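Trainee: predicted model, plus sequence, below.
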Amino acid sequence: MNQQNIPAPKKKKEKGPIRTEAVVPFLIVVLVTFLYFHFLFDTHLRKAIEFAGYQIMGAEVDVARLETSFFKGTIRIQGVEVTNSEKPSFNVVSIGDIRFGVLWDGLLRARLIVQEMAVEQIEIGQPRKTPGRVKPPEPPKKPGESALEKEANKLKDKALDKVEKNYDQNVLGDVAAMLGGTSSQDQFDKIQANLPSQALLKSLETEFQGKQKLWEEKLKSLPQAQEIQAIGDRLGKVKVRDFKTPQEVQQSLQQIDAILKDADSKVKLIQATGGELDSDIKKFDAGMKELDAMVKKDIQDLESRFRLPKLDAKSLSRSLFYPYLAPYLNKFNKYKGIVEKYAPPKLLKKKGSEEADTQVQPHPREKGIAYEFGRPNSYPLFWVKKISVSSQAGSTPGAGNMKGLVTDVTSNQTLVGKPTVLTLEGDFPSDEVHGFKTQATIDNRTPPLRASYKFSVDSYPIQGRDLIQSNDANISFKKATGSMNSTGQLIGLSNFSFELNNQIRNIDYQIQAPNPTVDEILKAVFTGVPVVTVDASGQGDLPNLSMSINSNLGPELQRGFEKQIQKKIDEARAKLQAFINEKIGKEKAKFEGEVNKTKSQVEGQVKKAQDQINSEKSKGEAKSNQAKKDAENNAKKGVEDQVKKALGPDGDKKLDDLKKRFGL
Amino acid sequence: MTLLLKQLFAFFKLLNSDTGTNQLALGLAFGLVLGFSPILSLQALLVIFCCFFFRIQLGAAFLSAFFFKFVAYVFDPVSDYIGRNVLESQSLRPLFTTLYNAPLVPLTRFNDSIVMGSAIISLALVIPLFFAFKIAIFKYREQVVARYKQSKIWKAWAGTSFYKWYSKYNDLYGA
């Protein structure tokens, strides 16, 4: 093979600074991105909304259709259905159509600004085609739970327990039991339990006995009458007049001073002992007061243990309607929990709890601060200026006539300068709900966040709603028409106050009680009240809400039952009181007597010693004064005699003249 | 993944060759900026675009970005401190207000203290590090590669028929 035929090695062409060969891969990437957004993005976003909705609401959320347009910046969501977690065959709410467009002007500034959002075809509580999935309750977070969370949960459970205890009182059941004679009055003889007041009395007695010995020793250490008398005797012997020399005066004053110092030390001892004994006695007085309170509590506990019903209108109303109102409160707490969990921490100003957690994390990444450099009329990060809600009855079976407006849903109300305001009104004719009006405001311009609402429904149906379901009595509204209005305010997502006025008319009751007397009274009372009012109000930090429930049924029931069982209740109460008296009454009285006796004895002895020593002390002071005065007079007289002698004859007259001249 | 591995192999190949020093040093320097920027930000996309558009060694950029991501993580408290001081500066407030309300600029997320601090650190380091990388590559080639190529192991490996075949293949079809 000839050497010249061998081809020379191909010399590589020098490449320029621009990567021309990347054009094709770049175009492929652009094409793939376009295809993804065109064909798959809408489905993925729809699935993401369904997943997030399921996680947040705790029940299946379905979205029938979702369309986005990148160039127009629009989103359209159709057929949104939120499953009712308590009744999975029904929706809580379903929305036919949601449309909105985001401003490109805002997107280029990394802000989401929606000029107007339209929400149409709203249906409430409609049946679903297939039952929705409900999220199982989350298992309690035990191992990783922070101390702060544990403490918060404990407090929450305690508060809920308290609420349950306060309201889980089946007063009518207790009344029925009492009327039926099956009440536990006959069990009084069987009570063997140690009362807490009894235990307290015993501990007070033991303490008192210990103190008594101590007091005796202390009283013995006090200066006795002889010692005090000795002070008086010593004082009597001190010369206080007819001093001849100044040395005599000084000597007497020194003696008196020493005796007074001695008396002073004894006074101090008496005062210190008196103070100690006084504080001990005060402790026992407080103990006695605590004992009285404990006795009252024991009586209350026994009353509830023996199910003595409270026949006052308020207790009856509360017992009757708390179960009726509880589901509404539970719903409120559920949605409040969702807001707390998912609302941005900055919005709720909830920083404290996170700081405690960061300490236990191995290496938390530094969290930066995002500053907003807003200026008047600039965009906040998120702002839906207007949401128009409209729905027309008849378009779908469960649709209602709705008209409403939500304005200024934003991430920064301070920048926008407006609170979020919601107004909504309409009817749901298919569900017989008429005159539904609501107005709500959320104001976070200055912390804390304040939310207030006004809500009213002119008429809504009530069907098969239980008031009381127990072995002693079953009361329910078989069919009725209700109307309600409510106002409320929530501050900082914790402090809640509300008022709710409910009127229930055209009532078809279902009342049954095994005890014929109870059955008769209940039927007479309930059928005699054509319109039932339920007025509830509450205030406090959630969930520890102090609630008051009043109803016109309360006084009616009170009147109905009073004649029948008030006497029985009084008898039972008297028996309880007698039982308590028997258990601790005598001992308590004896103990009180002993305490009072010892108290007066101790106080008397201390006072006597104090009076004696004070009297001797004042005597000593008087003597000291007398000695000083006498010495002064003697000295004065001596000087005058010397002057007279120096003035010669008529010394008296001349001395008087001198005195007059000097104005003495 | 194949594309990424290919770029990484290309990086090591170029590093051990005598050419492409600027490409490598630029790639490493751009990687520093990428590592110090949040991935979903305008500046990161701009740097990625530059890496693709200009002949910058992509493997070096990705490797460097991967390394400097960890460095940025460690430096987060420092970045946060610097960012806060800059963003809270009264004299710069009008500028930031204008930038914050201007189109596109907020997409850089400059208003976040860590992003601002990281950007300042990376911008301060990018030019000195470009030259430092360049010097380091020269030194590496002089002191490590040249010495390694004189070693018996390399000579034995270079003498194998497999290496010769690979070498020929690489000359004809390699990048």
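Mentor: Received the coordinates, thanks.
Trainee: and stretch A:643-659, how far from the chain's centre?
Mentor: Averaged C-alpha coordinates place stretch A:643-659 at 92 Å from its chain's average position (CA atoms, centre = their mean, to the nearest Å).
Trainee: run the contact check for the helix or strand encompassing residue B:70 versus chain A.
Mentor: Residue B:70 is part of helix B:58-74 when elements are defined by DSSP states H and E. Yes - judged by CB under 8 Å from any CB of the partner chain, helix B:58-74 comes into contact with chain A through residue B:73. From N, CA and C alone the C-beta is placed, and that goes for glycine too.
Trainee: and the next element down the chain from that helix?
Mentor: Sequence-wise, the next helix or strand beyond helix B:58-74 is helix B:76-87, with elements assigned using DSSP H and E.
Trainee: mind listing what's buried in the next helix or strand after that following helix?
Mentor: Next in sequence after helix B:76-87, counting helices and strands by DSSP H and E, comes helix B:93-100. Applying a neighbour-count criterion of 16 or more other CB atoms under 10 Å in any protein chain shown, the buried positions in helix B:93-100 are B:96, B:99-100.
Trainee: out of those residues, which touch chain A?
Mentor: Within those, those near chain A by CB under 8 Å from any CB are B:96, B:99-100.
Trainee: relative to chain A, which of the residues you listed is nearest.
Mentor: Proximity of those to chain A (CB to the nearest CB) peaks at residue B:100, which lies at 3.8 Å.
Trainee: surely the closest one meets residue A:370?
Mentor: No - counting by CB atoms under 8 Å, residue B:100 stays clear of residue A:370, with 10.7 Å between them.
Trainee: is any part of the helix ranked longest in chain B close to chain A?
Mentor: Taking DSSP state H as the assignment, the helix of chain B that covers the most residues is helix B:113-139. Yes - Helix B:113-139 reaches chain A (CB under 8 Å from any CB) through B:113-115, B:117.
Trainee: now render those residues as JSON lines, adding distance to residue A:198.
Mentor: Compiled in JSON lines, those are given as follows (distance: CB to CB, whole Å):
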{"residue": "B:113", "distance to residue A:198": "65"}
{"residue": "B:114", "distance to residue A:198": "66"}
{"residue": "B:115", "distance to residue A:198": "70"}
{"residue": "B:117", "distance to residue A:198": "69"}
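Trainee: for residue 37, give me its contacts.
Mentor: Let's take chain A. For residue A:37, the contact set (CB atoms under 8 Å, 6 or more residues apart in numbering or on different chains) comprises residue A:70.
Trainee: chain B, not that one
Mentor: Contacts here follow CB under 8 Å, 6+ apart; on that basis residue B:37 touches B:43-44, B:47, B:115, B:118-119, B:122.
Trainee: just flag the most distant two among the residues you listed.
Mentor: With distances taken as CB to CB, the most widely separated pair in the contacts of residue B:37 is B:47 and B:115, at 13.9 Å.
Trainee: pLDDT weak spots in chain B?
Mentor: By pLDDT under 70, the low-scoring segments of chain B are B:1-9, B:14-19, B:173-175.
Trainee: just grab the bridge partners of residue A:540 for me.
Mentor: When bridges are taken as DSSP bridges, the partners of residue A:540 come out as residue A:496.
Trainee: just to revisit the earlier point, what helices or strands is the longest helix of chain B leaning on?
Mentor: Contact here means 3 or more CB pairs under 8 Å, 6 or more residues apart in numbering or on different chains; DSSP states H and E; on that basis helix B:113-139 packs against helix B:21-36, helix B:76-87.
Trainee: show me what secondary structure element comes after that helix.
Mentor: On the C-terminal side of helix B:113-139, the nearest following helix or strand under DSSP H and E is helix B:146-149.
Trainee: what about the residue nearest the centre of chain A, distance to residue A:112?
Mentor: For chain A, the residue nearest the mean C-alpha position is residue A:541 (4.5 Å; CA atoms, centre = their mean). In this structure, residue A:541 and residue A:112 are 34 Å apart, going by CB to CB, to the nearest Å.
Trainee: try residue A:273
Mentor: For residue A:273, the distance to residue A:112 (CB to CB) stands at 79 Å.
Trainee: more crowded one of the two?
Mentor: Ranked by neighbour count (other CB atoms under 10 Å in any protein chain shown), residue A:273 and residue A:112 place residue A:273 first, with 21 against 15.
Trainee: get me the contact residues on chain B for chain A.
Mentor: Contact residues (CB under 8 Å from any CB) of chain B with chain A: B:52-55, B:73, B:76-77, B:79-80, B:83-84, B:87-88, B:93, B:96-97, B:99-104, B:106-107, B:109, B:111-115, B:117, B:171-172.
Trainee: pull the contacting residues for the residue nearest to the spatial centre of chain B.
Mentor: Closest to where the C-alpha atoms of chain B average out (CA atoms, centre = their mean) is residue B:31, at 2.2 Å. Contact analysis of residue B:31 by CB under 8 Å, 6+ apart lists B:60-68.
Trainee: which element follows the longest strand belonging to chain A toward the C-terminus?
Mentor: Here the longest strand in chain A is taken by residue count, with DSSP state E as the criterion, and it is strand A:450-469. Sequence-wise, the next helix or strand downstream of strand A:450-469 (DSSP H and E) is strand A:474-491.
Trainee: and that following strand with strand A:450-469, angle?
Mentor: Interaxial angle of strand A:474-491 relative to strand A:450-469 (axes from the mean of the first three to the mean of the last three CA atoms, to 10 degrees): 170 degrees.
Trainee: residues near the residue nearest to the residue nearest to the centre of chain B when sequence neighbours are not counted, how many?
Mentor: By the measure of CB to CB, 6 or more residues apart in numbering or on different chains, the closest residue to residue B:31 outside its immediate chain neighbours is residue B:64, 2.5 Å from it. With neighbours defined by other CB under 10 Å, the count for residue B:64 comes to 24.
Trainee: surely residue B:64 meets residue B:25?
Mentor: No - the pair residue B:64 and residue B:25 fails to qualify as a contact (CB under 8 Å) at a distance of 10.1 Å.
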